[in-house]
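In: predicted model follows, preceded by the sequence.
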Amino acid sequence: MAPVNILIVDDREENIIALSALLERDDIRLFATTSPNEGLKIAWENQISIALIDVQMPGMDGFEFVEMLKSNLRTKDILVIFVTAISKETKYAVKGFDAGAIDYLYKPLDPAITQAKVDAFIQLARYQAEIKQKNEELQNMAVVVKNSADIICAVDAQTLLIQNINPAVEKIMGFNARELIGANILNFAIDDEKGPFEVKLKEIIKDKQSSSVSEFKFETFDNRIIWAECRVAYQNKMLFLNISDISAQKNFEAELIKSKENAEYGKKVKETFLANMSHELRTPVNGIIGLSDLLRKTPLNEQQVSMIDLLDVSSQSLLGVINDVLDISKMEAGKFKIVREANNLHELIRAVYGLLKFKADENNIEFLLDIDPEIPLNLMVDSLRLNQIMMNLLSNAIKFTKRGYVKLTVAVVGREENLINLKFSVEDSGIGIPENRLAAIFDSFEQAEDDTATKYGGTGLGLAIVKKLVELKGGELTVSSSEGEGSTFNFTNWYTVADKPKEKVVVKTERLLGQFENVSILVAEDNLVNQFMLAKMLKDWDVYFEMVDDGRKVLDRLKAKDFDLILMDTHMPELNGYETAKTIRRDFDSPKRNVPIISLSAAAFDHEQQEAISAGMNDWLSKPFQPHELHGKINELLKQAESVKSQV
């Protein structure tokens, strides 16, 4: 507790000493002087609360001194007690009180009375100071409330009538603050929200909540609708509301939601387009590859065999371009996955080297391979994607090298427990890349020069795919190059050391494609070339089959006849494969309801495989496919169906 400052002014030093001795205590601070002018200075500088003033002083008597104190704003609230030896006549007392004193002490001083009176005035001074502080706080708060950008109001908790409200209501809602006194706060809300608003306020009152935040729609004086955030507190049977206009924020949120919905819709449209495009592109390629395979099994002369070889090369090249475009699209759509499994890395690298060695030899290019012997044999890698990265980088290096060499180096650059950091380097002595084009070569459909595609071919997707694959695998891709001297592409990545993978059994598939006995299959395929190809395969396997070209015909044929299995294209007119499968699983009785269904899809997206399984299909085969792949799936599903029958 801060001490109370007391001023003693008396022209006689001995009186000051005597009075000071009576008042000495820990909770007061005494200031004393024999000079009235000095006393005024002390009062001005030290926030004096109580002054004990002698009445009879030379130069300036006590009455004049007090008049000086009371005339100044800084000292007018000092509690003045006159100390006097003059008569106790009423006229003198009145003169003192008129001057501003609140009491008298008469000489000679009675110690008990003196101490009691001073103690009472000390308590009064403290109370006065506290009131002053609170008044200042209230005044400051009133300024804050009056100038607040939010609506601040006090509401009777029983009647919900407004008791006080600040001027912000006029700026935010257009109402005059004075005219709202006595109005019901519920009238702020639009008709549909009056009920919820009332329920919320009554809940706050019932639970005596000291803090609650909620949002409602309010109607302004000019019939506009605004979003209001209401922060409400309950205290002493009153509700105190702080209301903010959050319309701009809500509009922004609505725009964000709309943008998100538009982005999701655009993404969905893009995915649908890509799925359809995949189907439309891969379906004819499937027919070309399949027909080429069938033709190869017929009697052919040497010239015809050469033509089919060229047809195979062209169709595989076309399929590669389609797959590149779809891979880029899947990466951008976030539909691309990296699947790591235990693989023999040395075998993977040598397999890629062996595939491209003949191409390098054809171009009279020296093809070098250097594998660090410290690299463990078996690592957790996505063999398909690592193969894709190396094939793209090495194919590019060979394509753009007219003479000299291409070198693949794989080295260890770091180790941590069972992790190993490998650096793959593809170095060539080819045409190189201009410095100003180094960054652009990783963009989709971009190449080092405008005429590169004309001279060397390609879509400009290879390096874009490599960069995205390396990043998806958590690695880093860099390039250095000098125009006319060659280029070096490096990518580094961490791999987990793995146990020896299970050996993959390689079989000659042609000898396994045996015939089926007493098997009937319903085929749903709308592409004529694929119908012909499937018909030829099934005939070769001695399968009885019927061919339809849309989902409704599948349902009609299945109602009329039993089949052991259904081969169903997912993209068909009238009723697609997914809806057809759902209808079979839902509307047909057993055993037709449980007929095995294989989805034949030319789409390349994983979600289509999941959609096929969710629709009730048993398996999924992506076009283009090899005959042995279809034969194996048919054989497996027929065995499963037979096993289920034998258990019933």
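Out: Received, thanks.
In: and residue 108, what is it in contact with?
Out: By Cβ atoms under 8 Å, 6 or more residues apart in numbering, the residues touching residue 108 are residue 85. Where C-beta positions appear, they are placed from N, C-alpha and C, glycine not excepted.
In: would you map out the domains in the protein?
Out: Annotated domains of the chain cover 4-144, 148-245, 261-332, 341-497, 511-647 [automatic domain parsing].
In: ok, which of those comes nearest residue 253?
Out: Among the domains of the chain, the nearest to residue 253 by Cβ to Cβ is domain 148-245 (9.5 Å).
In: next one: that closest one to chain centre, how far?
Out: Centroid separation between domain 148-245 and its chain, computed with Cα atoms, centre = their mean, to the nearest Å, is 34 Å.
In: okay, how far is it across that domain, tip to tip?
Out: 12 Å (Cα to Cα, to the nearest Å).
In: residue 212: neighbouring residues, count only.
Out: Neighbourhood size, residue 212 [other Cβ atoms under 10 Å]: 17.
In: surely it meets residue 240?
Out: No: contact criterion Cβ atoms under 8 Å: residue 212 and residue 240 do not qualify, at 10.9 Å.
In: what sits in contact with each of those two?
Out: Listed contacts common to residue 212 and residue 240 are 232, 233; contacts here mean Cβ under 8 Å, 6+ apart.
In: thinking again about what came up before, Serialize the domains of the chain to CSV and add fields for distance to residue 252 and mean pLDDT.
Out: Output for the domains of the chain, formatted as CSV (distance: least, Cβ to Cβ, whole Å; pLDDT from 0 to 100):
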stretch, distance to residue 252, mean pLDDT
domain 4-144, 27, 83
domain 148-245, 11, 92
domain 261-332, 15, 73
domain 341-497, 33, 82
domain 511-647, 32, 87
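In: including distance to residue 251, could these go into JSON lines?
Out: Shown next, in JSON lines, are the domains of the chain (distance: least, Cβ to Cβ, whole Å):
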{"stretch": "domain 4-144", "distance to residue 251": "28"}
{"stretch": "domain 148-245", "distance to residue 251": "8"}
{"stretch": "domain 261-332", "distance to residue 251": "15"}
{"stretch": "domain 341-497", "distance to residue 251": "36"}
{"stretch": "domain 511-647", "distance to residue 251": "34"}
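In: who is the closest residue to residue 211 other than its chain neighbours paired with across the strands?
Out: Nearest residue to residue 211, sequence neighbours excluded (Cβ to Cβ, 6 or more residues apart in numbering): residue 233, at 5.8 Å. Residue 233 has the following beta-bridge partners by DSSP bridges: residue 240.
In: change the start of the numbering to 55 and stick with it
Out: Sounds good: first residue 55 from here, last item residue 287.
In: wouldn't residue 287 be in contact with residue 261 here?
Out: No: judged on Cβ under 8 Å, residue 287 makes no contact with residue 261 at a distance of 11.9 Å.
In: look at the two and report which has more neighbours.
Out: residue 287 (15 against 10).
In: hang on, the earlier thing: what distance do you get for the residue nearest to residue 265 to residue 197?
Out: The spacing between residue 287 and residue 197, counted by Cβ to Cβ, to the nearest Å, is 20 Å.
In: equivalent analysis for residue 668, please.
Out: Taking Cβ to Cβ, one finds residue 668 at 65 Å from residue 197.
In: one more: residue 664?
Out: 64 Å.
In: repeat for residue 655
Out: For residue 655 relative to residue 197 (Cβ to Cβ), the value is 72 Å.
In: the two: which is more packed in?
Out: More crowded of residue 655 and residue 197, by other Cβ under 10 Å: residue 655, with 26 against 10.
In: next up, the contacts around the more buried one.
Out: Residue 655 makes contact with 333, 623, 624, 625, 631, 662, 663, 666, 674, 675, 676, 677 under the criterion Cβ under 8 Å, 6+ apart.
In: go with 7 Å
Out: 624, 662, 666, 674, 676, 677 (Cβ atoms under 7 Å, 6 or more residues apart in numbering).
In: who does it bridge with?
Out: According to DSSP bridges, beta-bridge pairing links residue 655 with residue 676.
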